[in-house]
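# Need a 3D model of the following:
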Amino acid sequence: MDHLILPLSPTTTSNRWWSEETTAVVTGANKGIGFAVVKRLLELGLTVILTARNVENGSLAADSLRGAGFRNVHFCCLDISDHSSIAAFVSWFRLNFGVLDILVNNAAVSFNAVGENFIKHPETIIKTNFYGAKLLTEALLPLFRRSVSVSRILNISSRLGALNKLGSPSIRQTLENEDLTNEQIEATVAQFLEDVKSGKWQKQGWPENWSDYAVSKMALNAYSRVLARRYNGKKLSVNCLCPGFTRTSMTGGQGTHTADDAAATVAKLVLLPPEKLPSGKFYICLDPEKIMSRL
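Numbers count the residues shown, from 1 in each chain. Alright, predicted model coming up:
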(Lines give C-alpha, C1' and ligand atoms only; values in the text may rest on other atoms or scores of the structure.)
Protein backbone atom coordinates (compact mmCIF):
# COMPACT_ATOMS: atom_id res chain seq x y z
CA MET A 1 0.00 0.00 0.00
CA ASP A 2 1.41 3.37 -1.06
CA HIS A 3 1.06 6.71 0.69
CA LEU A 4 0.03 9.62 -1.50
CA ILE A 5 0.01 13.27 -0.50
CA LEU A 6 -2.54 15.07 -2.63
CA PRO A 7 -1.83 18.59 -3.88
CA LEU A 8 -3.39 21.29 -1.71
CA SER A 9 -5.62 22.44 -4.53
CA PRO A 10 -6.40 21.25 -8.08
CA THR A 11 -7.12 24.80 -9.22
CA THR A 12 -3.68 25.95 -10.36
CA THR A 13 -3.69 27.17 -13.95
CA SER A 14 -1.07 24.68 -15.11
CA ASN A 15 -3.14 21.72 -13.94
CA ARG A 16 -6.59 22.99 -14.90
CA TRP A 17 -7.71 20.72 -17.73
CA TRP A 18 -11.46 21.23 -17.15
CA SER A 19 -13.90 24.03 -17.98
CA GLU A 20 -17.57 24.95 -17.69
CA GLU A 21 -18.19 22.45 -20.49
CA THR A 22 -16.90 19.60 -18.31
CA THR A 23 -19.91 17.65 -17.03
CA ALA A 24 -20.10 15.61 -13.83
CA VAL A 25 -22.85 13.40 -12.41
CA VAL A 26 -23.03 12.82 -8.66
CA THR A 27 -25.48 10.28 -7.25
CA GLY A 28 -27.13 10.42 -3.85
CA ALA A 29 -26.38 14.12 -3.72
CA ASN A 30 -29.19 15.86 -1.86
CA LYS A 31 -27.18 15.75 1.40
CA GLY A 32 -23.96 14.57 3.03
CA ILE A 33 -20.88 13.77 0.98
CA GLY A 34 -22.76 13.80 -2.32
CA PHE A 35 -24.10 17.32 -1.80
CA ALA A 36 -20.68 18.54 -0.65
CA VAL A 37 -19.07 17.03 -3.78
CA VAL A 38 -21.57 18.80 -6.04
CA LYS A 39 -20.88 22.11 -4.31
CA ARG A 40 -17.09 21.68 -4.50
CA LEU A 41 -17.15 20.83 -8.22
CA LEU A 42 -19.41 23.83 -8.88
CA GLU A 43 -16.96 26.04 -6.98
CA LEU A 44 -14.22 24.77 -9.28
CA GLY A 45 -16.20 25.72 -12.39
CA LEU A 46 -17.72 22.46 -13.67
CA THR A 47 -21.28 21.75 -14.77
CA VAL A 48 -22.80 19.27 -12.30
CA ILE A 49 -25.89 17.09 -12.34
CA LEU A 50 -27.15 16.52 -8.82
CA THR A 51 -29.22 13.35 -8.52
CA ALA A 52 -31.39 12.03 -5.69
CA ARG A 53 -34.12 9.44 -5.48
CA ASN A 54 -36.52 11.86 -3.75
CA VAL A 55 -37.70 14.60 -6.10
CA GLU A 56 -38.52 17.12 -3.40
CA ASN A 57 -35.25 16.68 -1.50
CA GLY A 58 -33.18 16.79 -4.68
CA SER A 59 -34.97 19.87 -6.00
CA LEU A 60 -34.50 21.71 -2.70
CA ALA A 61 -30.80 20.83 -2.67
CA ALA A 62 -30.30 22.11 -6.22
CA ASP A 63 -32.33 25.25 -5.49
CA SER A 64 -30.18 25.99 -2.45
CA LEU A 65 -27.07 25.87 -4.63
CA ARG A 66 -28.64 28.11 -7.26
CA GLY A 67 -29.58 30.49 -4.47
CA ALA A 68 -25.92 30.57 -3.50
CA GLY A 69 -25.03 31.69 -7.02
CA PHE A 70 -24.18 28.42 -8.77
CA ARG A 71 -25.92 28.51 -12.14
CA ASN A 72 -24.40 25.32 -13.57
CA VAL A 73 -26.17 22.88 -11.28
CA HIS A 74 -28.94 20.69 -12.68
CA PHE A 75 -31.22 18.22 -10.92
CA CYS A 76 -32.66 14.95 -12.13
CA CYS A 77 -34.40 12.30 -10.07
CA LEU A 78 -32.50 9.00 -9.97
CA ASP A 79 -33.09 5.92 -7.86
CA ILE A 80 -30.19 3.60 -8.65
CA SER A 81 -32.03 0.61 -7.17
CA ASP A 82 -34.72 0.97 -9.87
CA HIS A 83 -33.91 -0.13 -13.44
CA SER A 84 -36.60 2.09 -14.95
CA SER A 85 -35.29 5.11 -13.04
CA ILE A 86 -31.78 4.48 -14.38
CA ALA A 87 -33.13 4.18 -17.92
CA ALA A 88 -35.14 7.41 -17.57
CA PHE A 89 -32.14 9.28 -16.17
CA VAL A 90 -29.80 8.12 -18.94
CA SER A 91 -32.35 9.17 -21.58
CA TRP A 92 -32.72 12.58 -19.91
CA PHE A 93 -28.96 13.01 -19.70
CA ARG A 94 -28.39 12.01 -23.31
CA LEU A 95 -31.03 14.48 -24.49
CA ASN A 96 -29.83 17.40 -22.35
CA PHE A 97 -26.05 16.94 -22.23
CA GLY A 98 -24.97 14.18 -24.60
CA VAL A 99 -21.49 13.58 -23.18
CA LEU A 100 -20.16 12.86 -19.70
CA ASP A 101 -16.73 13.51 -18.21
CA ILE A 102 -17.01 12.51 -14.53
CA LEU A 103 -19.25 10.08 -12.63
CA VAL A 104 -19.17 9.95 -8.84
CA ASN A 105 -21.13 6.92 -7.64
CA ASN A 106 -21.94 8.07 -4.11
CA ALA A 107 -25.49 6.81 -3.50
CA ALA A 108 -25.60 4.01 -0.93
CA VAL A 109 -27.69 2.67 1.94
CA SER A 110 -27.00 1.03 5.27
CA PHE A 111 -29.38 -0.01 8.02
CA ASN A 112 -26.86 -0.15 10.87
CA ALA A 113 -26.05 2.74 13.15
CA VAL A 114 -22.49 3.22 14.37
CA GLY A 115 -21.93 0.60 17.06
CA GLU A 116 -24.62 -1.73 15.70
CA ASN A 117 -23.77 -4.89 13.79
CA PHE A 118 -26.89 -6.51 12.43
CA ILE A 119 -27.75 -7.84 9.00
CA LYS A 120 -30.84 -5.95 7.91
CA HIS A 121 -32.32 -6.03 4.40
CA PRO A 122 -29.16 -7.43 2.75
CA GLU A 123 -30.84 -7.75 -0.65
CA THR A 124 -31.67 -4.02 -0.62
CA ILE A 125 -28.11 -3.10 0.34
CA ILE A 126 -26.56 -5.28 -2.36
CA LYS A 127 -29.10 -4.13 -4.96
CA THR A 128 -28.35 -0.46 -4.24
CA ASN A 129 -24.69 -0.27 -3.31
CA PHE A 130 -23.36 -2.77 -5.82
CA TYR A 131 -25.86 -3.49 -8.57
CA GLY A 132 -27.23 0.06 -8.65
CA ALA A 133 -23.81 1.63 -9.14
CA LYS A 134 -22.84 -1.06 -11.66
CA LEU A 135 -26.01 -0.79 -13.75
CA LEU A 136 -25.87 3.02 -13.83
CA THR A 137 -22.20 2.93 -14.83
CA GLU A 138 -22.80 0.41 -17.60
CA ALA A 139 -25.72 2.47 -18.93
CA LEU A 140 -23.59 5.63 -19.01
CA LEU A 141 -20.42 4.09 -20.50
CA PRO A 142 -21.36 4.93 -24.12
CA LEU A 143 -21.74 8.61 -23.15
CA PHE A 144 -18.29 9.20 -21.67
CA ARG A 145 -16.34 11.72 -23.70
CA ARG A 146 -13.03 9.76 -23.48
CA SER A 147 -11.02 12.63 -24.93
CA VAL A 148 -7.43 13.64 -24.27
CA SER A 149 -8.49 14.80 -20.79
CA VAL A 150 -9.53 11.20 -19.88
CA SER A 151 -12.99 10.59 -18.42
CA ARG A 152 -13.24 9.59 -14.78
CA ILE A 153 -15.35 7.28 -12.61
CA LEU A 154 -14.94 7.43 -8.84
CA ASN A 155 -16.90 4.93 -6.77
CA ILE A 156 -17.37 5.94 -3.15
CA SER A 157 -16.55 2.78 -1.23
CA SER A 158 -15.41 1.74 2.24
CA ARG A 159 -12.43 0.10 3.89
CA LEU A 160 -15.02 -2.28 5.35
CA GLY A 161 -15.00 -3.82 1.89
CA ALA A 162 -11.25 -4.42 1.83
CA LEU A 163 -10.31 -8.03 1.09
CA ASN A 164 -8.40 -8.35 4.36
CA LYS A 165 -11.80 -8.31 6.08
CA LEU A 166 -12.51 -11.76 4.63
CA GLY A 167 -11.92 -14.78 6.81
CA SER A 168 -12.39 -17.16 3.89
CA PRO A 169 -9.21 -17.85 1.86
CA SER A 170 -11.23 -19.22 -1.07
CA ILE A 171 -13.46 -16.15 -1.41
CA ARG A 172 -10.45 -13.87 -1.11
CA GLN A 173 -8.55 -15.88 -3.73
CA THR A 174 -11.47 -15.53 -6.13
CA LEU A 175 -11.71 -11.77 -5.72
CA GLU A 176 -7.93 -11.27 -5.88
CA ASN A 177 -7.66 -13.11 -9.19
CA GLU A 178 -6.14 -10.92 -11.90
CA ASP A 179 -8.58 -12.48 -14.38
CA LEU A 180 -11.63 -11.84 -12.19
CA THR A 181 -14.89 -11.56 -14.12
CA ASN A 182 -18.20 -9.84 -13.42
CA GLU A 183 -19.84 -13.27 -13.37
CA GLN A 184 -17.54 -14.36 -10.54
CA ILE A 185 -18.29 -11.20 -8.58
CA GLU A 186 -22.04 -11.72 -8.93
CA ALA A 187 -21.70 -15.39 -7.98
CA THR A 188 -19.81 -14.34 -4.84
CA VAL A 189 -22.53 -11.86 -3.90
CA ALA A 190 -25.22 -14.48 -4.53
CA GLN A 191 -23.34 -16.92 -2.29
CA PHE A 192 -23.25 -14.35 0.52
CA LEU A 193 -27.01 -13.79 0.29
CA GLU A 194 -27.58 -17.56 0.29
CA ASP A 195 -25.35 -17.97 3.36
CA VAL A 196 -27.31 -15.23 5.13
CA LYS A 197 -30.58 -16.99 4.37
CA SER A 198 -29.26 -20.29 5.67
CA GLY A 199 -27.70 -18.67 8.73
CA LYS A 200 -24.19 -19.83 7.78
CA TRP A 201 -22.64 -16.50 6.84
CA GLN A 202 -20.55 -16.16 10.00
CA LYS A 203 -19.07 -19.64 9.60
CA GLN A 204 -18.25 -19.03 5.93
CA GLY A 205 -15.74 -16.26 6.64
CA TRP A 206 -17.62 -13.19 5.45
CA PRO A 207 -16.68 -9.78 6.95
CA GLU A 208 -17.68 -9.52 10.60
CA ASN A 209 -18.55 -5.82 10.77
CA TRP A 210 -21.54 -4.39 8.88
CA SER A 211 -21.38 -7.60 6.84
CA ASP A 212 -24.00 -6.82 4.19
CA TYR A 213 -22.68 -3.29 3.65
CA ALA A 214 -19.10 -4.59 3.61
CA VAL A 215 -19.89 -7.23 0.97
CA SER A 216 -21.69 -4.66 -1.18
CA LYS A 217 -18.60 -2.44 -1.14
CA MET A 218 -16.28 -5.42 -1.65
CA ALA A 219 -18.23 -6.25 -4.79
CA LEU A 220 -18.12 -2.60 -5.92
CA ASN A 221 -14.33 -2.54 -5.46
CA ALA A 222 -13.98 -5.76 -7.44
CA TYR A 223 -16.21 -4.46 -10.24
CA SER A 224 -14.12 -1.29 -10.37
CA ARG A 225 -10.96 -3.34 -10.90
CA VAL A 226 -12.59 -5.34 -13.68
CA LEU A 227 -13.88 -2.17 -15.35
CA ALA A 228 -10.49 -0.44 -15.04
CA ARG A 229 -8.87 -3.43 -16.76
CA ARG A 230 -11.53 -3.40 -19.47
CA TYR A 231 -10.86 0.27 -20.28
CA ASN A 232 -7.12 0.28 -19.76
CA GLY A 233 -5.60 2.58 -22.39
CA LYS A 234 -9.03 3.72 -23.59
CA LYS A 235 -9.14 7.12 -21.87
CA LEU A 236 -11.40 6.12 -18.99
CA SER A 237 -10.10 5.99 -15.41
CA VAL A 238 -11.93 3.96 -12.73
CA ASN A 239 -11.05 4.25 -9.05
CA CYS A 240 -12.58 3.77 -5.59
CA LEU A 241 -12.37 5.94 -2.50
CA CYS A 242 -13.09 5.24 1.13
CA PRO A 243 -13.79 8.77 2.40
CA GLY A 244 -13.00 7.78 5.97
CA PHE A 245 -15.14 8.23 9.08
CA THR A 246 -17.18 11.19 7.87
CA ARG A 247 -19.86 13.01 9.83
CA THR A 248 -23.03 12.24 7.85
CA SER A 249 -26.52 10.89 8.49
CA MET A 250 -25.20 7.36 7.84
CA THR A 251 -22.83 7.71 10.81
CA GLY A 252 -25.39 9.52 12.94
CA GLY A 253 -23.29 12.66 12.78
CA GLN A 254 -20.22 10.92 14.19
CA GLY A 255 -16.85 11.05 12.48
CA THR A 256 -13.36 12.45 12.36
CA HIS A 257 -14.01 14.95 9.57
CA THR A 258 -16.79 16.72 7.69
CA ALA A 259 -18.53 16.02 4.41
CA ASP A 260 -16.80 19.10 3.00
CA ASP A 261 -13.43 17.57 3.92
CA ALA A 262 -14.36 14.35 2.12
CA ALA A 263 -15.63 16.32 -0.88
CA ALA A 264 -12.32 18.15 -1.15
CA THR A 265 -10.54 14.78 -1.45
CA VAL A 266 -13.06 13.57 -4.05
CA ALA A 267 -12.53 16.72 -6.11
CA LYS A 268 -8.76 16.37 -5.99
CA LEU A 269 -8.95 12.78 -7.20
CA VAL A 270 -11.42 13.32 -10.05
CA LEU A 271 -9.61 16.47 -11.22
CA LEU A 272 -6.07 15.11 -11.29
CA PRO A 273 -4.19 16.06 -14.46
CA PRO A 274 -4.56 13.36 -17.16
CA GLU A 275 -0.85 12.49 -17.01
CA LYS A 276 -1.09 11.88 -13.25
CA LEU A 277 -4.42 10.06 -13.26
CA PRO A 278 -4.20 6.38 -12.25
CA SER A 279 -6.83 3.69 -12.75
CA GLY A 280 -7.78 0.59 -10.81
CA LYS A 281 -6.85 2.13 -7.45
CA PHE A 282 -8.58 1.85 -4.08
CA TYR A 283 -7.93 4.97 -2.00
CA ILE A 284 -8.41 5.28 1.74
CA CYS A 285 -8.65 8.80 3.14
CA LEU A 286 -6.55 9.24 6.27
CA ASP A 287 -7.24 12.96 6.51
CA PRO A 288 -8.20 15.66 3.99
CA GLU A 289 -4.61 16.02 2.76
CA LYS A 290 -3.36 12.44 2.97
CA ILE A 291 -4.64 9.22 1.50
CA MET A 292 -3.38 5.67 1.07
CA SER A 293 -3.73 3.87 -2.22
CA ARG A 294 -3.42 0.36 -3.52
CA LEU A 295 -4.46 -1.65 -6.54
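# Now do the contacts for the closest residue to Gly58 other than its chain neighbours.
With C-beta to C-beta, 6 or more residues apart in numbering as the criterion, Gly58 has its nearest non-adjacent residue at 3.2 Å, and that residue is Ala52. Where you see a C-beta, it was placed from the backbone N, CA and C, and this is true even at glycine. Ala52 makes contact with 28-30, 34, 58, 61, 75, 77-78, according to C-beta atoms under 8 Å, 6 or more residues apart in numbering.
# One more: Leu135?
Contacts of Leu135 by C-beta under 8 Å, 6+ apart are 80, 83, 86.
# Now do the nearest residue to His83 once chain neighbours are set aside against Gly28, distance only.
Residue nearest to His83 in three dimensions, not counting chain neighbours: Leu135, with 6.8 Å by C-beta to C-beta, 6+ apart. According to C-beta to C-beta, to the nearest Å, Leu135 and Gly28 sit 15 Å apart.
# hmm, back to that, please name the bridge partners of the residue nearest to Gly58.
Beta-bridge partners recorded for Ala52 (DSSP bridges): Cys77.
# from memory Val37 sits against Val26, does it?
Yes - between Val37 and Val26 there is a contact under C-beta atoms under 8 Å: 5.2 Å.
# doesn't Arg152 fall inside a strand?
Yes - looking at Arg152 with DSSP: H, G, I helix; E, B strand; the rest coil, it is inside a strand.
# from the chain's centre, how far out does stretch 154-172 sit?
Computed by C-alpha atoms, centre = their mean, to the nearest Å, the separation of stretch 154-172 from the middle of its chain amounts to 15 Å.
# nope, stretch 204-211 is what I meant
Stretch 204-211 sits 21 Å away from the centroid of its parent chain (C-alpha atoms, centre = their mean).
# The residue nearest to Gly58 and Lys234: what is the separation?
With C-beta to C-beta as the criterion, Ala52 and Lys234 are 31 Å apart.
# which residues are in contact with both of Val37 and Val26?
Common neighbours of Val37 and Val26, using C-beta under 8 Å, 6+ apart, are 104, 106.
# quick one: low-confidence ranges for the chain?
For the chain, residues meeting the criterion pLDDT under 70 lie at 1-14, 114-115, 245-257, 286-290, 293-295.
# thinking again about what came up before, list the buried ones in the strand or helix carrying the residue nearest to His83?
Here Leu135 sits within helix 133-140, counting by DSSP states H and E. By neighbour count with 16 or more other C-beta atoms under 10 Å, helix 133-140 contains the buried residues 133-137, 139-140.
# and if you look at stretch 100-115?
By 16+ other C-beta under 10 Å, the buried positions in stretch 100-115 come out as 100-110, 112.
# For that stretch, what is the distance to the chain centroid?
A distance of 6 Å separates the centroid of the chain from that of stretch 100-115, by C-alpha atoms, centre = their mean.
# Check stretch 110-128 too.
For stretch 110-128, the distance to the chain centre is 17 Å (C-alpha atoms, centre = their mean).
# Ends of it, what's the gap?
With C-alpha to C-alpha, to the nearest Å applied, stretch 110-128 spans 10 Å between its terminal residues.
# neighbouring contacts of stretch 178-194?
By C-beta under 8 Å, 6+ apart, the residues outside stretch 178-194 that reach it are 122-123, 126, 130, 171, 174-175, 177, 201, 204, 206, 211-212, 215-216, 219, 222-223, 225-226.
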